[in-house]
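Participant: quick one, what's the 3D model for this:
(one chain, ligands or ions: 1)
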Amino acid sequence: MALKETLRQKIEAFRPRTTKLVKEYGKVKIDEVTIEQCIGGARDIRSLVTDISYLDPQEGIRFRGKTIPETFACLPKAAGSDYPTVEAFWYFLLTGDIPTQADMEEVLTEWKRRQNVPSYVFDTIRTLPRDSHPMAMLSIGITAMQRDSKFASLYNAGKFSKLTAWETVYEDACDIVARIPVIAAFIYNLKYREDRQIAIDPNLDMGANFAHMIGQGKAYQDVARMYFILHSDHESGNVSAHTTHLVHSALSDPYYAYAAGLNGLAGPLHGRANQEVLDWTIKFQEKYCKDQEPTKELITKALWDTLNSGQVIPGYGHAVLRKTDPRYTSQREFCQKHLPNDPLFKLVSMIFEVAPGVLTEHGKTKNPWPNVDAQSGVIQWHYGVKEWDFYTVLFGVGRALGCMANITWDRGLGYAIERPKSVTTAMLEEWAVKGGR
Ligand code: CMX
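Facilitator: Numbering: from 1, shown residues only. Below is the predicted model:
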């Protein structure tokens, strides 16, 4: 396949850069660590490398050097759509090159070949209680597929080689990104559509096929494409990307690694925030807006009630960003174009006007601006995907693209097992008195 060959050339051409940095400049300092960072979640410590995306605190994410609007503009589009196919984006994330139409179609054909999920995966998910969280179902589905891992087979056969192991990681990565939307659609139909499953349409690209498989029409196709691309990657330190990288660094195969990443994504401070946002907003509507229109005063009160009860405002704040998340802005622009009069969108827009001020007055968060999760659920809700505990699964389908592209490169460049050093509290106390280590 041409993509794999392109990737091979790129990885081989790139390797000497990493080798040279370690060999010749390995002792050059690029950061120092404070006690606050050590206790406070390693915030901002530069200790991970990725060339797939970079997150600037002011500007937001760039995929392979391009902003979100630039990314959407430069890639081949789905037929009759303003949005690129997810397949085109995958090629771009992996290689950094803008695919031609032919490159994109090759990925499309390749994913069709790979997307048949073994029936035992569905059987495994079906045995779970129907009220299991869909993220638990997704994670179990990915773990169940581990027996198919080509990387694990290679390792078990004693054929692991540092130079070529990335090839089977790539194979697993492609299988996972091709199959995960099919598993997600299965979970959706199992949980919310009385197990009425819809077969794959082999003529559709990934986003359109996902729309088809959850019983959605044409209008939702771009929602799926946009959603999966926007949620794909956010450099390497976030919980899902970092967990996937960490677990794979032990040479656990991509199935184990991504199931672990999904388990991290399921946390309310990370991917589950999109579910929490909808929950918060709908409860607000039910409590305050039965007989009246929402007002800024009512929203202000509800936000303070949340803060005063010790909870966070979901969808606001970020560990790295210090401005409105461009992934929020991109989805907001979609709403302004396609659903400007949706009452929930209007309410979310009003929250956007009020929440940053409330959070600033509250005085704790370093970033009072909205993140990706503040806007995403509204779009799903508008198109009839109202089961908000499913929203993190959608995030997980998109995040697979970034995590899988990253671990393919991790193996290509032979990154080491991750193993930071821990210290004791007594050591920190001693160094605190001495003013340093
Ligand atoms: N509402 C209330 N308080 C908030 C807050 C929010 N939205 N965001 C941050 N804070 C608080 C923190 O809880 C922390 O309080 P303590 O000092 O009492 O522990 C303080 O402000 C400082 O936090 P910070 O340095 O600004 O933010 P962190 O890097 O620690 O955390 C994040 C980042 C995203 C976990 C946090 O902003 C948050 O909890 N936001 C709400 C949940 C959310 O939307 N998560 C999704 C993020 C995007 C994603 O990964 O999907």
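
Participant: can you list the low-confidence ranges for the stretch 1-150 of the chain?
Facilitator: 1 (pLDDT under 70).

Participant: residue of it with the smallest distance to the ligand?
Facilitator: Using CB to the nearest ligand atom, Arg43 is the residue of the stretch 1-150 of the chain that sits closest to the ligand, at 6.0 Å. Where you see a C-beta, it was placed from the backbone N, CA and C, and this is true even at glycine.

Participant: distance of that residue relative to Gly271?
Facilitator: Distance, Arg43 to Gly271, using CB to CB, to the nearest Å: 19 Å.

Participant: higher neighbour count, the two?
Facilitator: Gly271 (28 against 14; other CB atoms under 10 Å).

Participant: these two touch, right, that one and Val393?
Facilitator: No: using CB atoms under 8 Å as the test, Gly271 is too far from Val393 to be in contact (9.1 Å).

Participant: find residues that contact each of these two.
Facilitator: Met135 (CB atoms under 8 Å, 6 or more residues apart in numbering).

Participant: re the thing from before, need the contact list for the residue of the stretch 1-150 of the chain closest to the ligand.
Facilitator: Gln37, Ala319.

Participant: quick one: it is in a helix?
Facilitator: No: assessed with DSSP: H, G, I helix; E, B strand; the rest coil, Arg43 is coil; it does not lie in a helix.

Participant: can you list the residues of the stretch 301-437 of the chain near the ligand?
Facilitator: Remark: the part of the stretch 301-437 of the chain in contact with the ligand comprises 307, 312-319, 359, 364-367, 371-373, using CB under 6 Å from any ligand atom.

Participant: if we go to 8 Å?
Facilitator: 306-307, 311-320, 325, 359, 362, 364-368, 371-374, 395 (CB under 8 Å from any ligand atom).

Participant: ChimeraX command to pick out the buried ones of those residues?
Facilitator: Buried members of those, defined by 16 or more other CB atoms under 10 Å, are picked up in ChimeraX with:
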select :306,307,312,313,314,315,316,317,318,319,320,325,359,365,367,368,371,372,373,374,395
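
Participant: neighbours of the nearest residue to Ile98 once chain neighbours are set aside, how many?
Facilitator: Distances taken as CB to CB, 6 or more residues apart in numbering put Cys74 closest to Ile98, at 5.2 Å, once the chain neighbours are dropped. By other CB under 10 Å, 14 other residues sit near Cys74.

Participant: do the same with the one 10 residues further on
Facilitator: Other residues lying near Pro84 total 26 when counted by other CB under 10 Å.

Participant: my read is that Thr300 contacts Val358, right?
Facilitator: Yes: counting by CB under 8 Å, Thr300 touches Val358, with 6.0 Å between them.

Participant: of the two, who's got more company?
Facilitator: Using other CB under 10 Å as the criterion, Thr300 and Val358 rank with Val358 on top: 20 against 16.

Participant: you'd agree the more buried one is up against Glu297?
Facilitator: No: using CB under 8 Å, Val358 is not in contact with Glu297; the gap is 11.7 Å.

Participant: ok, the residue in the stretch 251-400 of the chain that the ligand sits nearest to - contacts?
Facilitator: Residue nearest to the ligand within the stretch 251-400 of the chain: Gly317 (2.2 Å; CB to the nearest ligand atom). Contact partners of Gly317, counting by CB under 8 Å, 6+ apart, are Leu359, Thr365, Lys366, Asn367, Pro368, Trp369, Asn371.

Participant: just Arg64 next, same as before
Facilitator: By CB under 8 Å, 6+ apart, the neighbours of Arg64 are Asp51, Ile52, Ser53, Thr71, Phe92, Leu93, Gly96.

Participant: could I get the contacts of Gly317 in TSV, plus columns for secondary structure?
Facilitator: Compiled in TSV, the contacts of Gly317 are given as follows (three-state DSSP):
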residue	secondary structure
Leu359	helix
Thr365	coil
Lys366	coil
Asn367	coil
Pro368	coil
Trp369	coil
Asn371	coil
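
Participant: can you give me the helices in the stretch 301-437 of the chain?
Facilitator: 326-338, 343-362, 373-382, 391-412, 425-434 (DSSP state H, counting those that start in this stretch).

Participant: could you dump the longest one to PDB, C-alpha only?
Facilitator: Yep, that's helix 391-412 we're talking about. Presented in PDB, the C-alpha positions along helix 391-412 are these (Å, rounded to 0.1, in the frame of the first residue of the first chain):
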ATOM      1  CA  TYR A 391     -21.000  11.500  23.500                       C
ATOM      2  CA  THR A 392     -17.600  10.400  25.000                       C
ATOM      3  CA  VAL A 393     -17.700   7.400  22.700                       C
ATOM      4  CA  LEU A 394     -17.900   9.800  19.700                       C
ATOM      5  CA  PHE A 395     -14.800  11.600  21.200                       C
ATOM      6  CA  GLY A 396     -13.200   8.100  21.500                       C
ATOM      7  CA  VAL A 397     -13.700   7.300  17.900                       C
ATOM      8  CA  GLY A 398     -12.000  10.600  16.900                       C
ATOM      9  CA  ARG A 399      -9.200  10.300  19.400                       C
ATOM     10  CA  ALA A 400      -8.300   6.900  18.000                       C
ATOM     11  CA  LEU A 401      -6.900   8.700  14.900                       C
ATOM     12  CA  GLY A 402      -4.400  10.800  16.900                       C
ATOM     13  CA  CYS A 403      -3.400   8.100  19.400                       C
ATOM     14  CA  MET A 404      -2.900   5.500  16.700                       C
ATOM     15  CA  ALA A 405      -0.900   7.800  14.500                       C
ATOM     16  CA  ASN A 406       1.300   8.700  17.500                       C
ATOM     17  CA  ILE A 407       2.100   5.200  18.600                       C
ATOM     18  CA  THR A 408       2.900   4.200  15.000                       C
ATOM     19  CA  TRP A 409       5.500   7.000  15.000                       C
ATOM     20  CA  ASP A 410       6.600   6.100  18.600                       C
ATOM     21  CA  ARG A 411       7.500   2.600  17.400                       C
ATOM     22  CA  GLY A 412       9.000   3.900  14.200                       C
END
